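Asker: Generate coordinates for the sequence data below:
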Amino acid sequence: MHAGYFHDRLQHGMRAVLHSLGEFIHVSAIYLGLAVLTTLVLSLVLPSMRQQSQQLHQVVLAMFQADGSSYGGNDAEYAWAPPDSQRPVSEDEAAEASEAVETEPAQAGAGETSASVAQPEFMQALAASMRDQAIPGVTAAQAQGLRSYLARKYRIAASVAGALVRTAFLVGKELKVEPQLILAVMAIESRYNPFVESAVGAQGLMQVMARVHRDKLLDHGGPAAIFNPVVNIRIGTQILSDCIRRRGSIEGGLACYVGASGPGDGGYGAKVLAERRRIALASGIPLGK
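Answerer: From the prediction side, this is the model:
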């Protein structure tokens with residue numbers, strides 16, 4: 001009886017030890033798997049984060065460079081080449097890009113380059129917004145309504161929203177493109193994120209393809225200029241203006257802008273026009289102004 005009792009106790013103890021050992025191995029395997037997965041994720045994410053931080057650093061330096069020199073400090077920057085990962089450009093898109101309207105900033109005087117004007121422009125617009133300075137042709141109530149709508153919906157600072165509104169109205173007036181349409185394109189393209197980049201390489205507020213329009217960027221100081229809000233809006237509006245002129249209507253121009261060569265644009269134009277109407281309602285500014 002005693003022998004059977006001790007035998008049962010021994011078996012019970014061994015089963016307990018084996019059970020604990022199995023649980024330990026199971027937990028260790030889980031943690032080892034998590035460690036391997038974390039290592040794989042970090043190996044994929046860290047290079048991208050490092051590249052983005054370097055790009056952002058270059059952009060910040062460029063934004064505060066106000067002396068008209070090139071982005072990067074030497075002429076070699078003007079010979080930049082686009083990454084091979086970007087999508088190929090269709091013949092129609094290349095033709096539209098090459099024939100886009102080239103308009104120098106109206107404020108540039110004799111002897112000034114466009115880069116010397118474009119670089120500090122956003123800071124000037126931001127300062128004007130913070131002072132609630134009037135926008136030509138827009139009442140204070142209309143400007144406030146539009147700024148509040150954009151700040152609330154797209155989660156951006158009200159002062160930044162005001163600066164972008166001011167820029168859209170000034171550039172729109174200069175290039176004869178409706179400001180509400182410009183703002184709507186920015187909303188659909190980037191949700192007002194000036195540093196966003198798409199999978200195909202379109203960048204900034206109006207998602208300009210740097211590879212296609214690098215000649216325009218050279219006029220503003222180099223490739224980093226695409227992340228300058230004023231430069232991006234100006235170039236994007238030039239492209240949009242040319243697309244509308246080519247296709248003969250806003251709807252056709254939007255299809256051209258998004259790169260649609262067929263009869264449909266995947267609903268892009270409808271989204272932009274719907275946001276354009278919401279902007280008009282929020283601000284009380286009539287469409288076409």
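
Asker: what's the burial count for Gln133?
Answerer: 14 (other C-beta atoms under 10 Å). All C-beta atoms are positioned from the backbone trio N, CA, C, and that covers glycine.

Asker: And the pLDDT for it?
Answerer: For Gln133, the pLDDT comes out at 92.

Asker: give me the element it is part of.
Answerer: Using DSSP states H and E, Gln133 is not contained in any helix or strand.

Asker: Okay, it and Ala163: tell me how far apart.
Answerer: Look at Gln133 and Ala163: by C-beta to C-beta, to the nearest Å, they are 10 Å apart.

Asker: How about Glu178?
Answerer: Distance from Glu178 to Ala163, counting by C-beta to C-beta: 19 Å.

Asker: can you pull the buried residues of stretch 209-219?
Answerer: For stretch 209-219, the neighbour count (16 or more other C-beta atoms under 10 Å) marks 209-214, 216-219 as buried.

Asker: Now, the residues you listed that are in helices?
Answerer: Of these, the ones assigned to helices by DSSP state H are 214, 216-219.

Asker: now these as JSON lines including distance to Asp242 and pLDDT?
Answerer: Shown next, in JSON lines, are these (distance: C-beta to C-beta, whole Å; pLDDT from 0 to 100):
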{"residue": "Arg214", "distance to Asp242": "16", "pLDDT": "83"}
{"residue": "Lys216", "distance to Asp242": "11", "pLDDT": "85"}
{"residue": "Leu217", "distance to Asp242": "16", "pLDDT": "85"}
{"residue": "Leu218", "distance to Asp242": "18", "pLDDT": "84"}
{"residue": "Asp219", "distance to Asp242": "15", "pLDDT": "80"}
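
Asker: Looking at the residues you listed, which two lie furthest apart in space?
Answerer: Arg214 and Asp219 (9.9 Å; C-beta to C-beta).

Asker: Pull up the per-residue confidence for Met14.
Answerer: 76.

Asker: did I read that right, it in a strand?
Answerer: No. Looking at Met14 with DSSP: H, G, I helix; E, B strand; the rest coil, it is helix, so not inside a strand.

Asker: Just give the number of residues close to it.
Answerer: By other C-beta under 10 Å, 10 other residues sit near Met14.

Asker: re the thing from before, the more surrounded of Glu178 and Ala163?
Answerer: Comparing Glu178 with Ala163 by neighbour count (other C-beta under 10 Å), the higher total belongs to Ala163, at 25 against 21.

Asker: and Gln144, what element?
Answerer: helix 140-154.

Asker: Buried ones in that helix, by neighbour count?
Answerer: 142-147, 149-151, 153-154.

Asker: now do stretch 279-288
Answerer: Of the residues in stretch 279-288, those buried (16+ other C-beta under 10 Å) are 279-280, 282-283, 285.

Asker: Quick one: end-to-end distance for it.
Answerer: One end of stretch 279-288 sits 12 Å from the other (C-alpha to C-alpha, to the nearest Å).

Asker: Over to stretch 210-218?
Answerer: Terminal residues of stretch 210-218 are spaced 10 Å apart (C-alpha to C-alpha).

Asker: before we move on, back to that, any chance of a markdown table for the ones in helices among the buried residues of stretch 209-219, columns distance to Leu126?
Answerer: Putting those into a markdown table (distance: C-beta to C-beta, whole Å) gives the following:
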| residue | distance to Leu126 |
| --- | --- |
| Arg214 | 27 |
| Lys216 | 23 |
| Leu217 | 22 |
| Leu218 | 25 |
| Asp219 | 23 |
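
Asker: Which strand or helix spans the closest residue to Ala128 other than its chain neighbours?
Answerer: Excluding its sequence neighbours, the residue lying closest to Ala128 (C-beta to C-beta, 6 or more residues apart in numbering) is Arg166, at 6.1 Å. In the assignment (DSSP H and E), Arg166 maps to helix 158-175.

Asker: Output the contacting helices and strands for the helix or strand following that helix.
Answerer: Heading C-terminal from helix 158-175, the first helix or strand you meet, by DSSP H and E, is helix 179-190. Counting contacts by 3 or more C-beta pairs under 8 Å, 6 or more residues apart in numbering; DSSP states H and E, helix 179-190 packs against helix 140-154, helix 158-175, helix 229-247, helix 250-257, helix 268-283.

Asker: Report the backbone C-alpha coordinates of the shortest one in PDB.
Answerer: I take that to be helix 250-257. The C-alpha trace of helix 250-257 is given here as PDB (Å, rounded to 0.1, in the frame of the first residue of the first chain):
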ATOM      1  CA  ILE A 250     -13.100  71.800 -64.400                       C
ATOM      2  CA  GLU A 251     -14.300  68.200 -64.500                       C
ATOM      3  CA  GLY A 252     -12.000  67.400 -67.400                       C
ATOM      4  CA  GLY A 253      -9.200  69.300 -65.800                       C
ATOM      5  CA  LEU A 254      -9.500  67.300 -62.600                       C
ATOM      6  CA  ALA A 255      -9.400  64.000 -64.500                       C
ATOM      7  CA  CYS A 256      -6.300  65.300 -66.300                       C
ATOM      8  CA  TYR A 257      -4.800  66.300 -62.900                       C
END
